[in-house]
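Asker: how does the following fold in three dimensions:
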Amino acid sequence: MLGALEQDVAVGAVTAPDGGSDMLAAVRAITDNDLHPIVNQIDREGVYPDAVMRALGAAGAYSQHVGAEPRLDLATEAMAIVGEECLSTSFCMWCQNAMAWYLANTPNEALKSKMLRAVSTAALGAGTGLSNPMKTFFGIEKMRLKGVKADGGYVVSGTLPWVSNIGEDRYFGAIFGSDGGDGPPVMFCVDCSAPGVSLSQNASFTALEGTRTYAVKFKEHFVPDDMILADPAGEFVRDIRAGFILMQCGMAAGLIEGCLQIMRQTDKSHEHVNRFLPDRPDAIAEKLAALKEEVVMLCQTPYETSDDYFRAVLKARLAGSDLSLVAAQAAMLHAGARGYLYEAPAQRRLRESYFVAIVTPASKQLAKMLHDMDA
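Answerer: Predicted coordinates for the structure are as follows:
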């Protein structure tokens, strides 16, 4: 599959010489003109916004964080703009961004030069399968993928229950335990069309249906050395984990802003009664501004390794989850009965807000991680 893309996969990315303003303006235009009309199809019918995702890639939305000076703040802001309208699409952006982040940081220069530009421009769709290992590293689950060394690579078996933004013509990053699961973790790039890899859709979700989420089964899948992202993966994961988590704050910020828009719109006719609700838009907007300022600051040093820095990253991500839940409930209560209608944005934003709080690392995992660090 990659052969057809080799002319467009040189190392590098679409840059934003204007500081990102043109890119962000293009993302806003795509969101307003192309995404807005299909949001209900994404939510109700599980339609995947393929054209929108590719247009965002062409605009540079997935490439700001993969150059010599990574601008995670721009990647996060682009996700936030899209998230104001649709969390499913914002989440898919995060999946694409995450895989680009892995490729940008891998010591496997051949793999980077072959794939980075294609992923960072969305010429190649990509996702991430790190939910299980991220839980494994913090004592929540056991590693689901197990690999054994073979001539020229590894043989991997196991199942990942949910991997998003993928398909038969796509790739994603995953981790297996070496030595049959008992050895050091190894991170690799998965070709979804390769022998020994099968995809299935066995679940329907209350929201986020249009995200191309599959269960992925590995049955004696051979992973050649040229598809290895990091071996062993421990230090590599420490390098990428802050960026992995910080970019999720873009989903939260977008959802919260979308909820603020609902509240302010309903206040035009019902401020006289909405003003008695406990969570009002001005207070939520103030908290959102503080959160965004914190995230922008943390994005400046994504490779910082101190405990204090990583603790701040976790706290920012948890604050995004908590404020998403508060904002979505407030939007629903501000909208009242109109927000309870099947086609109403308020009820969709409420369903989406729970995803912000349960996607890995979930609120409870973040709380556990902070507790363990403090202990």
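Asker: the strand or helix carrying residue 97: how far from the chain's middle?
Answerer: Using DSSP states H and E, residue 97 sits within helix 87-105. Put simply, helix 87-105 sits 5 Å off its chain's centre (C-alpha atoms, centre = their mean, to the nearest Å).
Asker: next, the angle helix 87-105 makes with the longest helix anywhere in the chain.
Answerer: Identified as the longest helix of the chain according to DSSP state H is helix 307-335. On the basis of axes from the mean of the first three to the mean of the last three C-alpha atoms, to 10 degrees, helix 307-335 is oriented at 160 degrees to helix 87-105.
Asker: which SSE is immediately downstream of helix 307-335?
Answerer: Counting by DSSP H and E, what follows helix 307-335 is helix 345-358.
Asker: who are the packing partners of that next one?
Answerer: Other elements packing on helix 345-358 under the criterion 3 or more C-beta pairs under 8 Å, 6 or more residues apart in numbering; DSSP states H and E are helix 87-105, helix 248-274, helix 307-335. (Each C-beta comes from the backbone N, C-alpha and C, glycine too.)
Asker: mind doing that once more with 7 Å?
Answerer: In terms of contacts (3 or more C-beta pairs under 7 Å, 6 or more residues apart in numbering; DSSP states H and E), helix 345-358 is packed against helix 248-274, helix 307-335.
Asker: okay if I get these as a markdown table plus mean pLDDT and mean neighbour count?
Answerer: A markdown table is the format used below for the helices and strands packed on helix 345-358 (pLDDT from 0 to 100; neighbours: other C-beta atoms under 10 Å):
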| stretch | mean pLDDT | mean neighbour count |
| --- | --- | --- |
| helix 248-274 | 98 | 21 |
| helix 307-335 | 98 | 21 |
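Asker: and those helices: which comes nearest residue 198?
Answerer: helix 248-274 (28.1 Å; C-beta to C-beta).
Asker: what strand or helix carries the nearest residue to residue 34 once chain neighbours are set aside?
Answerer: Spatially, and ignoring its direct neighbours in sequence, residue 34 is nearest to residue 52 (5.2 Å; C-beta to C-beta, 6 or more residues apart in numbering). Secondary structure assignment for residue 52, by DSSP H and E: helix 50-58.
Asker: tell me the mean pLDDT over that helix?
Answerer: Across helix 50-58, pLDDT averages out at 98.
Asker: residues in contact with the helix or strand following that helix: which ones?
Answerer: Toward the C-terminus, helix 50-58 is succeeded by helix 72-83 as the next helix or strand (DSSP H and E). Helix 72-83 has contacts (C-beta atoms under 7 Å, 6 or more residues apart in numbering) with 16, 20, 23-24, 27-28, 31, 35, 61, 64-65, 89-90, 93-94, 97, 243, 246-247, 249-251, 253-255, 257-258, 295-296, 299, 302.
Asker: also stretch 339-346?
Answerer: Applying C-beta under 7 Å, 6+ apart, the contact partners of stretch 339-346 are 40, 262, 331, 332, 335, 338, 347.
Asker: give the contact list for residue 331.
Answerer: Residues near residue 331 by C-beta under 7 Å, 6+ apart: 259, 262, 263, 339, 346, 349.
Asker: any idea how far residue 105 is from the third one?
Answerer: Taking C-beta to C-beta, to the nearest Å as the criterion, residue 263 is separated from residue 105 by 39 Å.
Asker: likewise for the fourth one?
Answerer: Note on residue 339: its distance to residue 105, by C-beta to C-beta, is 42 Å.
Asker: same thing with the first one?
Answerer: Remark: distance between residue 259 and residue 105 (C-beta to C-beta) = 34 Å.
Asker: same deal with residue 147?
Answerer: Distance from residue 147 to residue 105, by C-beta to C-beta: 21 Å.
Asker: between the two, which is the more surrounded one?
Answerer: Using other C-beta atoms under 10 Å, the more surrounded residue of residue 147 and residue 105 is residue 147, with 28 against 18.
Asker: for the more buried one, what are its contacts?
Answerer: 154, 155, 156, 176, 177, 178, 186.
Asker: now, among these, which is nearest to residue 272?
Answerer: residue 176 (59.1 Å).
Asker: wait, a helix at that closest one?
Answerer: No. If the criterion is DSSP: H, G, I helix; E, B strand; the rest coil, then residue 176 is strand and not within a helix.
Asker: ok, residue 175 - contacts?
Answerer: 130, 133, 145, 185, 186, 187, 233.
Asker: mind redoing it with 8 Å?
Answerer: By C-beta atoms under 8 Å, 6 or more residues apart in numbering, the contact list for residue 175 reads 129, 130, 132, 133, 143, 145, 185, 186, 187, 188, 233, 237.
Asker: excluding covalently adjacent residues, which one is nearest to it?
Answerer: Of all residues not flanking residue 175 in the chain, residue 133 sits nearest, at 4.0 Å (C-beta to C-beta, 6+ apart).
Asker: can you tell me the SS state at that neighbour?
Answerer: helix.
Asker: residue 218 now?
Answerer: strand.
Asker: quickly list what it is bridged to.
Answerer: Beta-bridge pairing for residue 218 (DSSP bridges): residue 158, residue 197.
Asker: burial check on it, number of neighbours?
Answerer: Neighbour count for residue 218, taken as other C-beta under 10 Å: 23.
Asker: how about a markdown table for the helices and strands packed on helix 345-358, with distance to residue 208 added?
Answerer: Shown next, in a markdown table, are the helices and strands packed on helix 345-358 (distance: least, C-beta to C-beta, whole Å):
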| stretch | distance to residue 208 |
| --- | --- |
| helix 248-274 | 10 |
| helix 307-335 | 13 |
